[in-house]
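Could you work out the structure for the sequence below:
(one chain, ligands or ions: 2)
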Amino acid sequence: MTTNIMTIEHVSKSFGVRKSLLSSVRVPALDDVSLPLRRGRVLALVGESGSGKSTLARLLMRLDEPSAGAIRIEQGTNEVDIASVPLREYYRRVQMVFQDPYASINPRKRIWQIVTAAASNLGTHAQGDMRRVAEENLDAVGIGHQHLDAFPNALSGGQRQRVCIARALAAKPELLVLDEPLSSLDVSIQAQILNLLLELQRRLGLTYLFISHDLAVVRHIADDVAVMYAGRLVEYGTVEAVIDAPSHPYTRALVASALGGADGKRGARARGELQAATLDQLGCNFLPRCDQADAQCQGQRPSMRAFPDRRVACFRAKPSGNHDGAETCA
Ligand code: ADP
Ligand code: MG
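Ligands and ions are numbered 1, 2, ... in the order given. Alright, predicted model coming up:
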């Protein structure tokens, strides 16, 4: 039985967006998302651009706060609201790797200073040990010591992302939040960084929240998958369940367009942008794009239904391979 290092409970987030000088509207980015992050596993968060993935990552990193709901972190045998944990203590346990290694590195610092920035701020090591800490963590990501005193502009994109990973690791975290860590890299480099991340996760027993829109990447690295559509979680389960036998019509469209599945219109992209209007509408927010919708889907919003291998927010969902299967566990 795996425990949860973190539990996301009914989290919603909306932003106030100014429409004109005198009026603004609340734009919902996340709507009632509940998810476990199981210790020692990789949870992939997938969904089209605008579906709320980065918003959730920012809440986990405490760069922003939920409008409703709570995020809880394991503390001994309990779970506590992350808002109650002092930031220094929190960032020793939870670190982040961003999409763009150019934007997330200070170009005026030397590599060893960049790698030890978090460790130094958090007081995880004595100040006199910092070069050694940099060496150890650069070793872990395959960057040679000859780069210790270099500036970032001497490194390639892939090397910089390795430096960002080393910086996160130097705090000795338990959980890494990775927001599209491969997206800004050359395709030829992506596989190397992906395999590095996988090797580190296994060797160090880390937990990852891995945000990606690339299902082939997700298939390779993730244990569990959460699919977001327009701010809502629509399907959650193991990779084998969700990617290999998707149940929600949106997941099926995603898988079909990514992998060219049997009923797939390859290349047809299902958009996940949340419209301000969607929260006001009564029924399922996937309705306008769904080919299975009926009267129930128009009148009622589907809540998460639990099947043995997944949770799905769809009235039409069936447990895979067993259409009469009982809805048993969460
Ligand atoms: P993703 O990472 O899945 O592409 P985001 O979480 O970045 O999606 O965005 C989700 C929605 O929230 C989008 O509609 C986006 O425009 C909106 N959003 C995100 N951050 C802000 C913000 N700071 N102010 C206003 N709207 C925001
Ligand atoms: Mg994003």
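
can you pull out the helices in the stretch 151-300 of the chain?
157-170, 187-204, 215-221, 239-242, 249-259, 295-299 (DSSP state H, counting those that start in this stretch).

Can you list the buried residues in the least confident helix or strand in the chain by mean pLDDT?
Lowest on mean pLDDT, DSSP states H and E among the helices and strands of the chain sits helix 117-122, with a mean of 86. Using 16 or more other C-beta atoms under 10 Å as the test for burial, helix 117-122 gives 117-120, 122. No exception for glycine: its C-beta is placed from N, CA and C like everyone else's.

ok so, going back, so can I have TSV of the helices of the stretch 151-300 of the chain showing mean pLDDT, mean neighbour count and distance to residue 74?
Converted to TSV, the helices of the stretch 151-300 of the chain look like this (pLDDT from 0 to 100; neighbours: other C-beta atoms under 10 Å; distance: least, C-beta to C-beta, whole Å):
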stretch	mean pLDDT	mean neighbour count	distance to residue 74
helix 157-170	96	24	19
helix 187-204	96	15	17
helix 215-221	95	18	22
helix 239-242	96	21	23
helix 249-259	90	22	29
helix 295-299	89	12	37
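
would a markdown table of these with distance to ligand 1 be doable?
Putting these into a markdown table (distance: least, C-beta to the nearest ligand atom, whole Å) gives the following:
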| stretch | distance to ligand 1 |
| --- | --- |
| helix 157-170 | 18 |
| helix 187-204 | 18 |
| helix 215-221 | 14 |
| helix 239-242 | 17 |
| helix 249-259 | 13 |
| helix 295-299 | 23 |
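
Looking at those, which is nearest to ligand 2?
Closest to ligand 2 of the helices of the stretch 151-300 of the chain is helix 215-221 (C-beta to the ion; 14.8 Å).

other SSEs contacting the closest one?
With contacts taken as 3 or more C-beta pairs under 8 Å, 6 or more residues apart in numbering; DSSP states H and E, helix 215-221 sits against strand 42-46, helix 187-204, strand 207-211, helix 249-259.

okay, the ones you listed in JSON lines with distance to residue 83 next?
Shown next, in JSON lines, are those (distance: least, C-beta to C-beta, whole Å):
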{"stretch": "strand 42-46", "distance to residue 83": "21"}
{"stretch": "helix 187-204", "distance to residue 83": "27"}
{"stretch": "strand 207-211", "distance to residue 83": "18"}
{"stretch": "helix 249-259", "distance to residue 83": "31"}
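
Make TSV out of the helices of the stretch 151-300 of the chain and add distance to ligand 2.
Listed next are these as TSV, based on distance: least, C-beta to the ion, whole Å:
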stretch	distance to ligand 2
helix 157-170	16
helix 187-204	17
helix 215-221	15
helix 239-242	20
helix 249-259	16
helix 295-299	28
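
Look up how far residue 227 lies from residue 136.
As judged by C-beta to C-beta, to the nearest Å, residue 136 and residue 227 stand 37 Å apart.

what is the rounded mean pLDDT of stretch 71-91?
Mean pLDDT, stretch 71-91: 96.

swap in stretch 171-186?
Averaged across stretch 171-186, pLDDT comes to 96.

which SS class is residue 71?
The three-state label for residue 71, taken from DSSP: H, G, I helix; E, B strand; the rest coil, comes out as strand.
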